[in-house]
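In: Structure of the sequence below:
(2 chains)
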Number of protein chains: 2
Amino acid sequence: MGDASLPKTNILLAFYKEFPAVFYDQVRSRFSDAEITSLILPLGTPIPQEAARKATIIVTLGSLPKPEDAKHIKFIHFFSAGLDKVIHNPILTDSDIPVTTSSGIHGPPISEWTLLNWLAASRKFSITYEDQKKHIWGNEAYGTGIQDHVGKKIGILGYGSIGRQIARVSIALGATVYAYTASPKPTPASRRDQHYIIPGTGDPDGTLPVSWHHGTDKASLHSFLSLGLDHVVVSLPLTPQTTHLLGAEEFALLAANKPQGHRNPYLTNISRGKVIDQDALIKSLESGELSGAALDVTDPEPLPKDHPLWDAPNVQISPHISPLGDEYFVRSFDIVRENLERSRRGDPLINAYKRGKGY
Amino acid sequence: MGDASLPKTNILLAFYKEFPAVFYDQVRSRFSDAEITSLILPLGTPIPQEAARKATIIVTLGSLPKPEDAKHIKFIHFFSAGLDKVIHNPILTDSDIPVTTSSGIHGPPISEWTLLNWLAASRKFSITYEDQKKHIWGNEAYGTGIQDHVGKKIGILGYGSIGRQIARVSIALGATVYAYTASPKPTPASRRDQHYIIPGTGDPDGTLPVSWHHGTDKASLHSFLSLGLDHVVVSLPLTPQTTHLLGAEEFALLAANKPQGHRNPYLTNISRGKVIDQDALIKSLESGELSGAALDVTDPEPLPKDHPLWDAPNVQISPHISPLGDEYFVRSFDIVRENLERSRRGDPLINAYKRGKGY
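Out: Below is the predicted model:
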């Protein structure tokens, strides 16, 4: 259909394989005012001239046009949250075509993965699972030690869209949340989530934490880890500063500040394996300093078959699958929809890559 | 210590075994103004005259004094939510001593059990669990089909303290909630939770559901089950009217109304096994009409070793352990604390048994 007063919108979807049919239906239902063309291209292959020249929006995981073929492009949208794989492409270095990312849509799956691991650990799900396989109705095996999250303290290192959705769910469980960021966030404006937000999720205004903490030095981190936390969630980027951010000293500090009657602190890592000193983690799990750990990331990945981490006490390891979900790509198109509106209104795009800043 | 203007409060705790030391500390910290005496008595044994006559509050799982020994008792508090085991005791039938229950404190553990099961099913936790045992880093095993709860519809049959806490967490996940009760709840007052509420949990004012539905006839139930629900949670009491409330017809209706692109409906039972027609449930799981079921209760209990339910597809069975938690008895004392205040002020007690009404 399309409004005659608007230039025709042509969305080119470049991906390395076919999506299921229901995906195309869901995307088309969001863009009754646009033409959508789908192109299957091996990962990283440039977009052919003819296809690029017809498009006004490109949606891609890595295939890009040449800048000279992109004159009509209003913006290029990436399915990924980061752009590290294309950072040296001429589109990013030699053009000013707006580039947008899928930041902000990882909160629901990763927070659900986090919660699943917390609850599987705290409610001794392995007993349930193993007993069912053996047809055992055995309620005595659970003993004491099951605790829920009412009144528990959740410390979140890195308060982006993922940390915010974990905060939201934690508070619904009756817990309280403490946020930690590298730079100070003293004002309401600085606490707002700047990225795309899935409606009804997250903490758009940053009002959920009891308190905000910050710093890049050990003293600041240690003061945060001394708050009496029951959970520490690592959801910050891996940088030279965050490499081995948490090690023996930090785990000891967490344990020393554990509230009376609570289980020992529990560690969750959904960032990158190297943020944690893995050898120290194994020791803290063995000593019981940490009551457990949920790790969707390890160092290295894949974790070698003979690595001792696999069998450390109370560790739950998954193979970097926390963001998985059927909804991912459709939600990425929700960002395209939002930016199409913004582009038509002449408003700044959301999730826009800032050239020169590197993100 | 105690305020000299108040009569001395003597709390008698009658239980069939010792609690851990930390429990007595936690209780004493709540009652610095009262004397607390602990009595170990086999379940159901009457409270001896001497102990009963010294007490002003009794806290018990089933041991009761004779009415003639209970002249100084302000109220008797039960650790259980129901009173079915003592309903014919003279204290209930032949005295007007206020009796209070522990209704309202089951929300956090049972909602966490519910969430754990939803997420273990939806995020294919059995793959994670089995692969870790074998040291397999296998992210390809997950395939498609993982969906999170954003935009999902949760139907809750029986909107008490448990259903309300499930609602609270569901909404934090990005889902919407639909409440179903036997009697109509048309006014704000009728939607309020009348029982004790753990601070920061539940839905005290009943404002979380998108809509409220009611009825005791099939037509009302069927119209509720046709809303396009992704989850149905059974948290209503077992009565002649609710026996086999959900069977073949209801499961078919749920499946027929499933939203496009969503997984088939998932059933959660935290009430009593007999609310569900279990043979019909097995068939619906086998046909895929239901995508899975989480059952903390079965018919009968314990579920016999050779029962086909154990191995029905996508069923998760636990041995009636969803309310377990170290916090249970301390929280029950929070209700005693609240009622001690109310009793001193002359206000009506919360969770008070209504003689003649049978609850």
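In: hmm, the helix or strand of chain A with the lowest mean pLDDT touching chain B?
Out: Least confident helix or strand of chain A, by mean pLDDT, DSSP states H and E, is helix A:21-30 with a mean of 92. Yes. Judged by CB under 8 Å from any CB of the partner chain, helix A:21-30 comes into contact with chain B at A:Val22, A:Gln26. Quick note: C-beta positions are derived from backbone N, CA and C, even for glycine.
In: How about stretch A:175-191?
Out: No. Judged by CB under 8 Å from any CB, stretch A:175-191 makes no contact with chain B; its nearest approach is 8.6 Å.
In: for that stretch, which positions count as buried?
Out: The neighbour-count check on stretch A:175-191 (16 or more other CB atoms under 10 Å in any protein chain shown) flags A:Ala175, A:Thr176, A:Val177, A:Tyr178, A:Ala179, A:Tyr180, A:Thr181, A:Ala182, A:Lys185, A:Arg191 as buried.
In: Ok, stretch A:232-245 next?
Out: Quick answer for stretch A:232-245 (16+ other CB under 10 Å): A:Val232, A:Val233, A:Val234, A:Ser235, A:Leu236, A:Leu238, A:Thr242, A:Leu245.
In: What of stretch A:299-318?
Out: By neighbour count with 16+ other CB under 10 Å, stretch A:299-318 contains the buried residues A:Asp299, A:Leu303, A:His307, A:Leu309, A:Trp310, A:Ala312, A:Val315, A:Gln316, A:Ile317, A:Ser318.
In: ranges for the helices of chain A?
Out: A:21-30, A:49-54, A:90-93, A:107-122, A:125-133, A:161-172, A:188-191, A:218-225, A:248-256, A:278-287, A:328-345 (DSSP state H).
In: Is it possible to get JSON lines of the ones you listed that adds distance to B:Gly356?
Out: Below are the helices of chain A laid out as JSON lines (distance: least, CB to CB, whole Å):
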{"stretch": "helix A:21-30", "distance to B:Gly356": "56"}
{"stretch": "helix A:49-54", "distance to B:Gly356": "78"}
{"stretch": "helix A:90-93", "distance to B:Gly356": "77"}
{"stretch": "helix A:107-122", "distance to B:Gly356": "41"}
{"stretch": "helix A:125-133", "distance to B:Gly356": "41"}
{"stretch": "helix A:161-172", "distance to B:Gly356": "38"}
{"stretch": "helix A:188-191", "distance to B:Gly356": "55"}
{"stretch": "helix A:218-225", "distance to B:Gly356": "56"}
{"stretch": "helix A:248-256", "distance to B:Gly356": "54"}
{"stretch": "helix A:278-287", "distance to B:Gly356": "56"}
{"stretch": "helix A:328-345", "distance to B:Gly356": "55"}
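In: Looking at those helices, which is nearest to B:Leu281?
Out: Among those, helix A:125-133 comes nearest to B:Leu281, with 15.4 Å by CB to CB.
In: Next one: the closest residue to A:Gly158 other than its chain neighbours, what pLDDT does it get?
Out: Among residues not flanking A:Gly158 along the chain, A:Leu236 sits closest, at 2.9 Å (CB to CB, 6 or more residues apart in numbering or on different chains). pLDDT, A:Leu236: 94.
In: Over to A:Ser170?
Out: At A:Ser170, the model reports a pLDDT of 98.
In: Next, the contact list for it, please.
Out: Residues in contact with A:Ser170 (CB atoms under 8 Å, 6 or more residues apart in numbering or on different chains) are A:His149, A:Lys152, A:Ile154, A:Thr176, A:Val177, A:His231.
In: Let's see that with 10 Å instead.
Out: Taking CB atoms under 10 Å, 6 or more residues apart in numbering or on different chains, we find A:Ser170 in contact with A:111, A:114-115, A:118, A:149, A:152-154, A:156, A:176-177, A:208, A:231, A:233, B:169, B:172.
In: Which residues are in contact with whatever residue of the stretch 151-300 of chain A ends up closest to chain B?
Out: Distances between the stretch 151-300 of chain A and chain B by CB to the nearest CB are smallest at A:Ala172, namely 3.5 Å. Neighbour list for A:Ala172: A:149, B:111, B:115, B:165, B:167-173, B:200-201 [criterion: CB under 10 Å, 6+ apart].
In: on that earlier part again, and the two most separated of the buried residues of stretch A:175-191?
Out: The span of the buried residues of stretch A:175-191, defined through CB to CB, is set by A:Ala175 and A:Ala182 at 23.6 Å.
In: and A:Lys8, how many neighbours?
Out: Neighbourhood size, A:Lys8 [other CB atoms under 10 Å in any protein chain shown]: 11.
In: swap in A:Ile87?
Out: Here the count is done by other CB under 10 Å, and A:Ile87 has 12 residues near it.
In: again with A:Tyr129
Out: 17.
In: does A:Leu39 really touch A:Pro46, like I thought?
Out: No. A:Leu39 is beyond contact range of A:Pro46, at 11.4 Å (criterion: CB atoms under 10 Å).
In: Give me the common contacts of the two.
Out: Common neighbours of A:Leu39 and A:Pro46 (criterion: CB under 10 Å, 6+ apart): A:Ala14, A:Ala52, A:Ser63.
In: do you know how far the second one is from chain B?
Out: Summarising the geometry, the distance separating A:Ala52 from chain B, computed by CB to the nearest CB, to the nearest Å, is 30 Å.
In: Got phi/psi on the nearest residue to that residue once chain neighbours are set aside?
Out: Spatially, and ignoring its direct neighbours in sequence, A:Ala52 is nearest to A:Pro65 (3.4 Å; CB to CB, 6+ apart). Main-chain torsions, A:Pro65, degrees, to the nearest 10: phi -80, psi 170.
In: Give me the neighbour count for A:Pro65.
Out: By other CB under 10 Å, 27 other residues sit near A:Pro65.
In: Could you measure from it over to A:Ala55?
Out: Separation of A:Pro65 from A:Ala55 (CB to CB, to the nearest Å) stands at 8 Å.
In: Name the residues contacting each of these two.
Out: Shared contacts of A:Pro65 and A:Ala55, defined by CB under 10 Å, 6+ apart, are found at A:Leu12, A:Ala14, A:Ile47, A:Ile73, A:Ile76.
In: In contact with the last one, which residues are there?
Out: Applying CB under 10 Å, 6+ apart, we find A:Ile76 in contact with A:12, A:14, A:47, A:55, A:57-60, A:63-65, A:70, A:86, A:91-92, A:95, A:97-100, A:353.
In: isn't A:Asn89 right next to A:Phe78, touching?
Out: No. In terms of CB under 10 Å, A:Asn89 does not count as a neighbour of A:Phe78; the distance is 11.1 Å.
In: joint contacts of these two?
Out: A:Gly62, A:Leu64, A:Val99.
In: In CSV, list those residues along with distance to A:Gly138.
Out: What follows is those, written out as CSV (distance: CB to CB, whole Å):
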residue, distance to A:Gly138
A:Gly62, 51
A:Leu64, 58
A:Val99, 56
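In: And those, which is closest to chain B?
Out: A:Gly62 (19.1 Å).
In: The closest one: neighbour count?
Out: By other CB under 10 Å, 20 other residues sit near A:Gly62.
In: Same question for A:Ser291.
Out: Neighbour count for A:Ser291, taken as other CB under 10 Å: 23.
In: Now it. Nearest residue, chain neighbours left out?
Out: In this structure, A:Ser291 finds its nearest non-sequential neighbour in A:Asn264, 3.8 Å apart by CB to CB, 6+ apart.
In: Can you give me the pLDDT of that neighbour?
Out: Per the predicted model, pLDDT is 98 at A:Asn264.
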